[in-house]
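K.L.:
Sequence first, then the predicted structure:
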Amino acid sequence: DDLESLAYTLFKILRSCPSLPWNKPHVPVNSVCGVRCQVLAKKQIWSGARLAEGCDAASWQFLDEIRNLGFNEEPCYDRWE
């Protein structure tokens with residue numbers, strides 16, 4: 001989760017964009033859970049390659065790798081040096 005957040009922050013910087021696709025206004029809901037569900041759904045439809053369009057391949061590969069990790073798994077840190 002922390003590494004995924006780091007990847008999103010790096011994409012914002014690399015792409016010089018003011019926000020990520022899921023930061024846009026949401027459909028009005030009456031609960032925090034509803035907003036979270038909307039954000040999660042938007043994150044799931046944005047692949048690493050789509051999100052990092054215009055960046056080098058390592059950018060989106062990193063995001064896709066960490067998204068596929070299990071809860072107790074660690075990324076291959078040597079690969080990302």
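P.N.:
Sure thing, it's come through.

K.L.:
low pLDDT regions in this structure?
P.N.:
1, 17-18, 24-26 (pLDDT under 70).

K.L.:
For Ala41, see how far away Ser16 is.
P.N.:
26 Å (Cβ to Cβ, to the nearest Å). Yep, even glycine has a C-beta here, placed from its N, CA and C like the rest.

K.L.:
Please identify which of these two sits among more neighbours.
P.N.:
Ala41 (10 against 7; other Cβ atoms under 10 Å).

K.L.:
just the strands in this protein please.
P.N.:
Applying DSSP state E to the chain gives no strands.

K.L.:
And the helices in it?
P.N.:
2-15, 32-45, 48-51, 57-67 (DSSP state H).

K.L.:
Looking at those helices, which is nearest to Pro21?
P.N.:
For Pro21, the closest of the helices of the chain is helix 32-45, at 5.9 Å, according to Cβ to Cβ.

K.L.:
For that closest one, output the C-alpha coordinates as CSV.
P.N.:
Only the C-alpha atoms of helix 32-45 are listed here, as CSV (Å, rounded to 0.1, in the frame of the first residue of the first chain):
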residue,chain,number,x,y,z
VAL,A,32,-17.2,7.5,3.3
CYS,A,33,-17.3,3.9,2.2
GLY,A,34,-19.1,4.8,-0.9
VAL,A,35,-16.4,7.3,-1.9
ARG,A,36,-13.7,4.8,-1.1
CYS,A,37,-15.4,2.2,-3.3
GLN,A,38,-15.6,4.7,-6.2
VAL,A,39,-11.8,5.5,-5.8
LEU,A,40,-10.9,1.8,-5.7
ALA,A,41,-13.0,1.0,-8.8
LYS,A,42,-11.2,3.9,-10.7
LYS,A,43,-7.8,2.7,-9.5
GLN,A,44,-8.5,-0.8,-10.8
ILE,A,45,-9.4,0.3,-14.3
